[in-house]
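J.: Based on what follows, work out the 3D shape:
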Amino acid sequence: MGKTAIILGATGLTGSILLEILLEDERYETVKLFSRRSVHKKHPKIKEYLGDVLELRDFKKEFYADEVFCCVGTTQKKTPDKKLYRKIDFGIPTIAASLAKENDIQTFIVISALGANAKSSIFYNRTKG
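T.: Reported below is the predicted structural model:
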């Protein structure tokens, strides 16, 4: 039986590239996508779960896999509101990590950003860090 992966952020640049890699990888039987919008791709490995990823806990029953890849993120241009920006770039990965732990998922990978540093004086880098 093949592995199951979860991708958060498969509609973005990094997540869409990762999706293609996992679809071609014979080790994966299922790739679950949690997103607010569809990737509009038909493939037998894909299972999409559409909804508000800011409310990721709503998907707890479906949030099980061998691995989680968290590729979510936004930009200051798209999300100038710092409170919402933090909910997306910090909140979603944090909730996803909590769900992974609760559902005994052993592998959790976060794709962050160049310059990510929790001690940075720059809000974007600090949030990513």
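J.: Quick check: pLDDT value at residue 55.
T.: Note for residue 55: predicted pLDDT of 95.
J.: Just give me the neighbour total for it.
T.: Neighbour count for residue 55, taken as other Cβ atoms under 10 Å: 10. The C-beta positions use only the backbone N, C-alpha and C, and glycine is treated the same way.
J.: what comes into contact with the lengthiest strand in the chain?
T.: Determined from DSSP state E, the single longest strand within the chain is strand 28-35. For strand 28-35, contacts defined as Cβ atoms under 8 Å, 6 or more residues apart in numbering pick out 1-11, 19, 22-23, 39, 43, 45-51, 53, 56, 59, 62-63, 65.
J.: Same question for that strand: list its buried residues.
T.: 28, 30-35 (16 or more other Cβ atoms under 10 Å).
J.: Please give me every residue in contact with the most centrally placed residue in the chain.
T.: The centroid of the chain falls nearest to residue 8 when counting by Cα atoms, centre = their mean (2.2 Å). When contacts are counted by Cβ under 8 Å, 6+ apart, residue 8 touches 15, 34-35, 53, 56, 68-72, 92-93, 96.
J.: Mind listing the residues bridging to it?
T.: residue 34, residue 70 (DSSP bridges).
J.: mind checking how far it is from residue 21?
T.: 16 Å (Cβ to Cβ, to the nearest Å).
J.: got it, and residue 91?
T.: Taken as Cβ to Cβ, the span from residue 91 to residue 21 is 26 Å.
J.: next one: residue 28
T.: 9 Å.
J.: ok, back up a step: so how far is the following helix or strand past the longest strand of the chain off the chain centroid?
T.: Heading C-terminal from strand 28-35, the first helix or strand you meet, by DSSP states H and E, is strand 46-50. In terms of Cα atoms, centre = their mean, to the nearest Å, the centre of strand 46-50 is found 13 Å from the chain centre.
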